[in-house]
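> here is my input; please provide its structure:
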Amino acid sequence: MEERTFNTKQVNLNYVEKGVSDISILLLHGGSSRWQTFRDIIDDLSVHFHVYAIDLRGHGKSGRTENKYKMQDYVPDVREFIEKCIKKPTIIIGHSLGGMIAILIAAYYPSIVKALIIGDSPVSLDVLRSHSESQKDMTMLWREWSKNLSLDEIVEKLKAMQVPVPEREGTVSAAEAYGENHPWFEFMAENLKQNDPNMLSAIIDDFDNTYEEYDVERLFPLIKCPILIVKGDSGQGSLIRDTDIGFIKKLNNDVKHVEIKGVGHALYMQDKQSFIDAILPFINKNAQN
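This next block holds a predicted model:
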């Protein structure tokens, strides 16, 4: 997949596309990630659909913006990409941060979104705040590493991080838990090296302003397209509670949901096939609408 650049009025977006179908799908990655997190998903979906995946502003090879990383700041980038690059209403699949941005797009610009798939994006600000607080120390480290360390140095820092292991008390190094040569270390190090530290600062230092626009009680009733929420296993770290699903369905009658057992917030990164199996019936049902 050849990387290309799309220039919006504010920032250059790095993206890839694959497939020749008339049915388009846009993939939006989570925070501190980049389009490559979807590489295997793109290969599967592009057999039947025309798939696009972008690096969000401040991520990957897309441009950086001067302290413009509020939720609403991402919206014009994605809207313009759909209108001027894809040039037709599209199905959006967003994971975590990408799903939150997709909710805003579908609410504010319903004519350009054919269907919406939300991948374990928190739909409660209380859950999002709690998660951000629990990850704050790590996110601060990531910000410093992205500023000051080389790629190889970040790899070694990631390997040395202490992580819990279910069958043991206490923590062990990530290298011991996952294996010294696990590909996640190189992938995540590249993510962090390409992050704009200011994007991480928006999460760490300015939570209220960063997420002020993300009011699901106001947004979901505005969405006119079919919605599928793909939830991880609550026991494995999903950021969507069962009560959140019920609440969202009261806000919008066109919400469906599926839970993938045995995986957490990472969904397709832990079990790609189960994720594909969960979304394909929904995509096929709504592709022609």
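> point to the residue nearest the middle of the protein.
For the chain, residue 30 is the residue whose C-alpha lies nearest the centre (Cα atoms, centre = their mean; 2.4 Å).
> residue 67 - that's part of a strand, no?
No - secondary structure of residue 67, determined by DSSP: H, G, I helix; E, B strand; the rest coil: coil, with no strand assignment.
> tell me the confidence at the residue nearest to it when sequence neighbours are not counted?
Counting by Cβ to Cβ, 6 or more residues apart in numbering, residue 198 is the residue found nearest to residue 67 once chain neighbours are left out, at 5.5 Å. To be clear about C-beta, it is placed using only N, CA and C from the backbone, and glycine gets the same treatment. According to the model's per-residue confidence, residue 198 sits at a pLDDT of 95.
> offset the numbering so it begins at 12, please.
All right, first residue 12 from here; so that's residue 209.
> residue 209: neighbour count?
Other residues within reach of residue 209, judged by other Cβ atoms under 10 Å, total 16.
> so it: helix, strand or coil?
Secondary structure, three-state DSSP: residue 209 is helix.
> any idea how far it is from residue 263?
Separation of residue 209 from residue 263 (Cβ to Cβ, to the nearest Å) stands at 34 Å.
> just give me the neighbour total for residue 76.
By other Cβ under 10 Å, neighbour count at residue 76 equals 17.
> scratch that, residue 81
One way to gauge burial is a neighbour count; for residue 81, by other Cβ under 10 Å, it gives 16.
> same deal with residue 117?
There are 24 residues near residue 117, going by other Cβ under 10 Å.
> so what's it up against?
Residues touching residue 117, when contacts are defined by Cβ atoms under 8 Å, 6 or more residues apart in numbering, comprise 103, 124, 127, 233, 234, 235, 236, 238.
> how about a markdown table for these, with neighbour count, pLDDT and secondary structure added?
Shown next, in a markdown table, are the contacts of residue 117 (neighbours: other Cβ atoms under 10 Å; pLDDT from 0 to 100; DSSP: H, G, I helix; E, B strand; the rest coil):
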| residue | neighbour count | pLDDT | secondary structure |
| --- | --- | --- | --- |
| 103 | 28 | 98 | strand |
| 124 | 26 | 98 | strand |
| 127 | 26 | 98 | strand |
| 233 | 15 | 98 | helix |
| 234 | 22 | 98 | coil |
| 235 | 14 | 97 | coil |
| 236 | 19 | 98 | coil |
| 238 | 25 | 98 | strand |
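> which two of the residues you listed have the greatest separation?
103 and 233 (14.9 Å; Cβ to Cβ).
> residue 116 reaches residue 89, doesn't it?
Yes - using Cβ atoms under 8 Å, residue 116 is in contact with residue 89, at 5.4 Å.
> so what's the gap between whichever strand or helix holds residue 117 and the chain middle?
Element membership of residue 117, judged by DSSP states H and E, is helix 108-119. The gap between where helix 108-119 is centred and where its chain is centred comes out at 10 Å by Cα atoms, centre = their mean, to the nearest Å.
> sec struct for the residue in the chain sticking out farthest from the centre, please.
In terms of distance from the mean C-alpha position of the chain, residue 180 ranks first, at 31.4 Å (Cα atoms, centre = their mean). The three-state assignment at residue 180 reads coil, by three-state DSSP.
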